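Attaching a predicted model along with its sequence, questions to come.
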Amino acid sequence: TTVGAGGFGLVGSAPNARIDGFALTRADHAGGIFVNGFAHFLQISNNRIYANAGLYDGGIRLGHPTLTQDTPDGIRYVNAQNDGIRILNNHIHENGGQGGAGGGISLCTGSTGYEVSQNWICGNFSLGDGGGIGHLGLSHGGRIAHNNILFNENFNQGTTVSGGGIFIAGAAPIPAGGLSEGSGSVQIVGNLIQGNLAGVGDGGGIRILRANGLEVLANRFLPNGWYGIDI
């Protein structure tokens, strides 16, 4: 299932768009659900998402982990503008990703203000970072709360990958050797994180990487302007 651009959000008293109550299985390229961009306030809830595979994530992916564009400030990662998306009460299990971040759920640049709560995220696998949940890139104000994140794994013989349960990271700096855009501030609250494995990396349960970057340079003497991870 792929969600494209436009048409989402609250309009008067009309409800936001939802993907609700489905069983999604046996996808072999983009995973179970791929939210491309501009899907503000989409709600993904009460689904069973299992046995899917994807190039970057197997279960649910918001945005793109590597897509870049030229801006007045240089090359930057594309902001997918998937603001305020809620991923609630889903059973996400036995999905596999080949890269990026997140075997079960992948939250890429521009997933501002997301909520991932009360999901069962179990037995997912990734060749990239984040076996269960991967947050990669700048998405400020995210919240991961009251989920069961169990027996997820990432492993790659060719490179170090980290964060068996949850991986939170700013994207790699452009150019290499510079500062990352950071991850944005994220809350990880009240989850059961158990039995996860980072086979060749760090953080069997949770791995945090490049959470800060350019915002520290812009607010060098104002720590209140820096991103923070609240676990």
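In hand now; what should we look at? Everything numeric in this text was worked out from a predicted model, so none of it was measured.

Centre-most residue in this protein?
Geometric centre of the chain, nearest residue: L107, 2.0 Å, by CA atoms, centre = their mean.

shaky segments in this structure?
When residues are selected by pLDDT under 70, those of the chain lie in 1-15.

Quick one: the helices in it, in order.
Remark: helices of the chain, listed N- to C-terminal, are 214-218; assignment by DSSP state H.

before we move on, the earlier item: and for the residue nearest to the residue nearest to the centre of the chain when sequence neighbours are not counted, the neighbour number?
Sequence neighbours aside, H135 is the residue nearest to L107 in space, at 4.5 Å (criterion: CB to CB, 6 or more residues apart in numbering). Quick note: C-beta positions are derived from backbone N, CA and C, even for glycine. When counting by other CB atoms under 10 Å, one arrives at 34 neighbours for H135.

quick check, distance from stretch 131-149 to the centre of its chain.
Distance, stretch centre to chain centre, for stretch 131-149: 5 Å (CA atoms, centre = their mean, to the nearest Å).

The closest residue to L55 other than its chain neighbours and T25, how far apart?
Excluding its sequence neighbours, the residue lying closest to L55 (CB to CB, 6+ apart) is Q98, at 5.4 Å. Here the criterion is CB to CB, to the nearest Å. By it, Q98 lies 18 Å from T25.

just to revisit the earlier point, can you report how many residues lie near the residue nearest to L55?
Using other CB under 10 Å, Q98 is surrounded by 18 other residues.

State the distance spanning the first to the last residue of stretch 20-30.
19 Å (CA to CA, to the nearest Å).

I'd guessed A101 sits against G131; true?
No. Taking CB atoms under 8 Å as the contact criterion, A101 and G131 are not neighbours in contact, 9.8 Å apart.

hmm, back to that, from P223, how far off is the residue nearest to L107?
22 Å.

what about G142, neighbour count?
In terms of burial, G142 registers 22 neighbours under the definition other CB under 10 Å.

Same check on L214?
A total of 17 residues lie near L214 under the criterion other CB under 10 Å.

residues in contact with it?
L214 sits next to 179-182 when contact means CB atoms under 8 Å, 6 or more residues apart in numbering.

Tell me what the residue nearest to the centre of the chain is bridged to.
With DSSP bridges as the criterion, the beta-bridge partners of L107 are L62, H135.

Return the distance of it relative to H64.
Counting by CB to CB, the gap between L107 and H64 amounts to 11 Å.

got it, and V78?
6 Å.

hey, what's in contact with both of those two?
Counting by CB under 8 Å, 6+ apart, the shared contacts of V78 and H64 are T109.

which one of these two has more residues nearby?
Just comparing V78 and H64: by other CB under 10 Å the higher neighbour count belongs to H64, 21 against 17.

roughly how far apart are the nearest residue to that one once chain neighbours are set aside and G182?
The shortest distance from H64 to any residue other than its chain neighbours is 5.5 Å, reached at C108 (CB to CB, 6+ apart). Taking CB to CB as the measure, C108 and G182 are separated by 14 Å.

quick one: which of the two has more around it?
For the pair C108 and G182, the greater number of neighbours falls to C108 (31 against 21), based on other CB under 10 Å.

ok, the more buried one touching R61?
Yes. C108 is in contact with R61 according to CB under 8 Å; the separation is 7.0 Å.

Give the residues shared as contacts by those two.
Contact criterion CB under 8 Å, 6+ apart; residues shared by C108 and R61: G100.
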